[in-house]
Structure formats: C-alpha cells, structure tokens
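> Curious how this folds, go ahead:
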Amino acid sequence: MGDPQRGKLRILQIMRAPVGGLFRHVADLTRALDGMGHEVGLVVDSLAGDAQTDTRLAALAPHAKLGVHRLPMPRVLGGGDLTTPLAVRRLARKLDIHILHGHGAKGGFYARLARIGNSRARALYTPHGGVLHFSAQSTSGRLFHRLERWLMPQTAAIIFESAFARTTYSRLIGPPTCPVAVIHNGLSPDEFVPVETAPDADDFVFVGELRELKGIFPLVEAMTGVTRPDGSPATLVMAGDGPDRATLAARLAELGLAPRVKLVGAQPARPMFARGKIVVVPSLAESLPYIVLEAAAAQKPVIATNVGGIPEIFAGETDGLLPPGDAQALARAMQEALDAPHPAHERMMRRLARIETHFAVGPMATAIEVLYRAALAQS
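Numbers count the residues shown, from 1 in each chain. So this is what the prediction gives:
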C-alpha cells in the first residue's frame, strides 16, 4: 500500500441513493479529493435514484478514478443488506483501498461491515441524519441503533456535519468510543454568485425530496391563506421527487391549491432559485441541510424551521427560525416576507457574511483528509 499516511490515498465513498444533500456532499468531497491527487471510487445503490441520477453520476465520473459501482442497497431491510457488504469488501481488496467512507445509515453500515476481515482499510462514517431520524421507540430505530453500537469497533472515526448531529448520536446510541469530529458542509466559490429572480417568478420556492420529513404537508397547508400585497393568492413552485409525491398531489387537490402550487420534479437548486422570490425550508428534521447554505449563498431570503443544525448556520440570526410542523407559524412568516421584503433582505445579508466565512468546501475537504490519515495511523 506504500505509505498512505503521506502519499496518495485510495478511497471508496459509499452511499445509498445518489440524491439530495448527502449526494451533494459526496460529490463535493470527491471532486476536492481528486483535486488533491487522491484516487476515489463511488459505491451507490442500483435500486434507487431520481430523474437526475444518471446525469449526476456521469458528471462526477471523471473525478472518480476508481469507478462508479452500483450495488443493491434496499431503503430499509432486504437481500442486498446481506450481499452488498461482501461485494464492497471484495471491491476494496481488488482496488487496494485505504479508506472506506460510508455516508448515511446504509452507507455507514456497508463501509464498516466491509471492514470486517479487511485489516488494511479503515472505515469512517458520516451519518448525515440517517439513523438519527429513527426513534428509539420504533422497532426499526431499535434495530438500527443496536447495529450502530455493534459496528463501533469497526469505526475509525465518525464525522458529524453539525454539533446537533453529534449530540443526537450520543443521546440515541451512546457516546462514540472512536474519534469524532464536527466538520460543517462547505460551498464552492462560484455558489456565492447571486441568483437573479426571474420576472415571472413564483412567490416561494421549495427544493428537496418530496417526503413527509421535509415538511411538505405543513408547507402546502400554510399556502392556503398566504396572499400577495395586492390581495391575490401567493404561488409556490416545488422542485423534487420522492415517496410522498402522489400523496402531496392529492393533498393539493383537496386544498384547491393545484392551480397555484407547481410540482416540477427533480431540478438543480440554483436554477430553481431564479423561479421563486423566497426559499422555504420547512423540514421536520435535518442535520445540516445544503439547501439552506445554497439559498443564502445565492442571496435569497430563506424561511426555515428551527431543527437540526440549521441554528448553527444562522448563529446570531436564529430568532426568525420557526417551530417544525406548525403550518400557522409558517404561514405568518411567509406572509410577513411578502408584506415586508426589506427586513428579510437584511437578515439574508447578515447570514451570507457568516456562511462565506464558516462554510467553504476547501477547509471541509482538508479537515476530512486529515482524519483519513489519522485513521490510517491507528494501530
């Protein structure tokens, strides 16, 4: 293997679905590590994705010198949970991998299971929410939390993208016995270029997975009473796909909102920012959502809930964060943003200054590389 503590590293990034903020993080990290001279491969699910999955993976492939490998990774439990860790272990041996970095619950399980019997590689893990969203009172939660504890001896380090995630992990699963680090997600310099709002833009824009956890149902309920200053009904465009899309469409029809709430499918975030005046992030749970960082960097006003690591992004500017699942509070905030745009703009500029200073992709990747080398130095 040479001397991986000093030279080029060979890394497998392992995740389930190549969608959303988790994939965004892996893509940024892969490009940065490739730029540092390391060799990176990706292991992703062959069962899941969205309309942009193949395009995203194709764009990332030039930076994944060790290839993009698609293996079955069921969302909850399935046959792939038995076969895929063995396949990842074989792949790691074949590619002479130094670092197995698992992202999300399934990626973390597979990386550490693949580490068993492979003494040359080290397994690191970033939860990205994942297992932290499972209640300790649910059957699935108890199972996943038990697996976390069982896999701890195979874990060289856990990387939390927020202090909130670190605290939640310790509360649900127990204090980690391996080294841990909080390394915030980062943005690239070009993401701080402002996005101009289109002349025909809707009033609000949502970008994210269409599932209950993202607060999509309180959002559409809030829309029922929100109006523009001229008294006409406010409009919303929602970009994303997910397991609750059909239920959401049915709810829009029930509320009579279909004419003024557009579902446009999975779309890149920055072009969508031009299609709405105000970004809404109504999540019920999060770790450190990229969409909040991206929207603020694009100089868009953001209405967000007080969950997960969002207060860490808006440190010093958290008074406007909303309780999750409260459609009435969300409606009030949306109405205020339309009625008085200047205070929202001023808050956005203050938040922008913090994000420029604390959330950059270069320092993020460098800190993770330092952890990789420290893990390889472990006996």
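> Next one: the residue nearest to Leu95 when sequence neighbours are not counted from Ala92, what distance?
Leaving aside its sequence neighbours, Leu95 sits nearest to Leu66 (CB to CB, 6 or more residues apart in numbering; 5.4 Å). Quick note: C-beta positions are derived from backbone N, CA and C, even for glycine. Distance from Leu66 to Ala92, counting by CB to CB, to the nearest Å: 10 Å.
> Compare these two (neighbour count), which wins?
Ala92 (25 against 20; other CB atoms under 10 Å).
> Which positions in stretch 250-264 come out as buried?
Neighbour counts using 16 or more other CB atoms under 10 Å place 251-252, 257, 260-263 of stretch 250-264 among the buried residues.
> Same check on stretch 131-149?
In stretch 131-149, counting by 16+ other CB under 10 Å, buried: 131-134, 141, 144-145, 147-148.
> Mind putting those into TSV with pLDDT?
Shown next, in TSV, are the buried residues of stretch 131-149 (pLDDT from 0 to 100):
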residue	pLDDT
Val131	74
Leu132	75
His133	72
Phe134	73
Gly141	77
Phe144	81
His145	88
Leu147	88
Glu148	90
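> And the residues you listed, which two are furthest apart?
Farthest pair in the buried residues of stretch 131-149 (CB to CB) is His133 and Leu147. Separation: 14.8 Å.
> Check which helices and strands the helix or strand hosting Leu12 sits against.
For Leu12, the host element (DSSP states H and E) is strand 10-14. Applying 3 or more CB pairs under 8 Å, 6 or more residues apart in numbering; DSSP states H and E, we find strand 10-14 packed against helix 20-35, strand 39-45, helix 80-94, strand 99-103, helix 104-115.
> outside of that strand, which residues touch it?
With contact meaning CB atoms under 8 Å, 6 or more residues apart in numbering, strand 10-14 is reached by 4, 26, 29-30, 33, 38-43, 66, 88, 91-92, 95-103, 107, 110-111, 114, 372.
> From those residues, keep the buried residues only.
4, 26, 29-30, 33, 38-43, 66, 88, 91-92, 95, 97-103, 107, 110-111, 114, 372.
> Now do the helices in the stretch 51-200 of the chain.
Using DSSP state H, counting those that start in this stretch, the helices of the stretch 51-200 of the chain run over residues 53-60, 80-94, 104-115, 139-151, 163-172.
> Give me the buried stretch members for the first one, please.
What that stands for is helix 53-60. 53, 56-57, 60.
> before we move on, back to that, switch the helices and strands packed on strand 10-14 over to CSV; also include distance to Ala157 and mean pLDDT.
As requested, the helices and strands packed on strand 10-14 are arranged in CSV below (distance: least, CB to CB, whole Å; pLDDT from 0 to 100):
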stretch, distance to Ala157, mean pLDDT
helix 20-35, 15, 93
strand 39-45, 18, 96
helix 80-94, 17, 93
strand 99-103, 10, 97
helix 104-115, 11, 93
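> Nearest to Met349, out of those?
Nearest to Met349, of those and by CB to CB, is helix 20-35 at 23.8 Å.
> Only C-alpha atoms, please: export that closest one in CSV.
What follows is helix 20-35, C-alpha atoms only, in CSV (Å, rounded to 0.1, in the frame of the first residue of the first chain):
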residue,chain,number,x,y,z
GLY,A,20,-30.2,15.3,-2.2
GLY,A,21,-27.8,16.9,0.2
LEU,A,22,-26.0,13.6,1.0
PHE,A,23,-25.0,13.1,-2.6
ARG,A,24,-24.1,16.8,-2.9
HIS,A,25,-21.7,16.4,0.0
VAL,A,26,-20.1,13.2,-1.5
ALA,A,27,-19.8,14.9,-4.9
ASP,A,28,-18.1,17.9,-3.4
LEU,A,29,-15.8,15.8,-1.4
THR,A,30,-14.9,13.5,-4.4
ARG,A,31,-14.0,16.5,-6.6
ALA,A,32,-11.9,18.0,-3.8
LEU,A,33,-10.1,14.8,-3.0
ASP,A,34,-9.4,14.2,-6.7
GLY,A,35,-8.0,17.7,-6.9
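> which strands and helices sit next to that helix?
strand 10-14, strand 39-45, helix 53-60, strand 99-103, helix 290-297, helix 361-377.
> Name the surrounding residues that touch the third one.
Residues outside helix 53-60 that contact it (CB under 8 Å, 6+ apart) are 17-19, 23, 27, 30-31, 42, 44, 68.
> Tell me the one among those nearest to Pro199.
Closest approach between the contacts of helix 53-60 and Pro199, by CB to CB: Val19, at 30.5 Å.
> beta partners for Gln13?
Leu42, His101 (DSSP bridges).
> and the residue nearest to Asp81 when sequence neighbours are not counted, how many neighbours?
Spatial nearest neighbour of Asp81, chain neighbours left out: Pro74 (6.4 Å); criterion: CB to CB, 6+ apart. A count of neighbours around Pro74, defined by other CB under 10 Å, yields 15.
> circling back to that earlier point, now the helices of the stretch 51-200 of the chain in a markdown table, please, with extra columns for distance to Ala201.
As requested, the helices of the stretch 51-200 of the chain are exported to a markdown table (distance: least, CB to CB, whole Å):
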| stretch | distance to Ala201 |
| --- | --- |
| helix 53-60 | 25 |
| helix 80-94 | 42 |
| helix 104-115 | 33 |
| helix 139-151 | 40 |
| helix 163-172 | 32 |
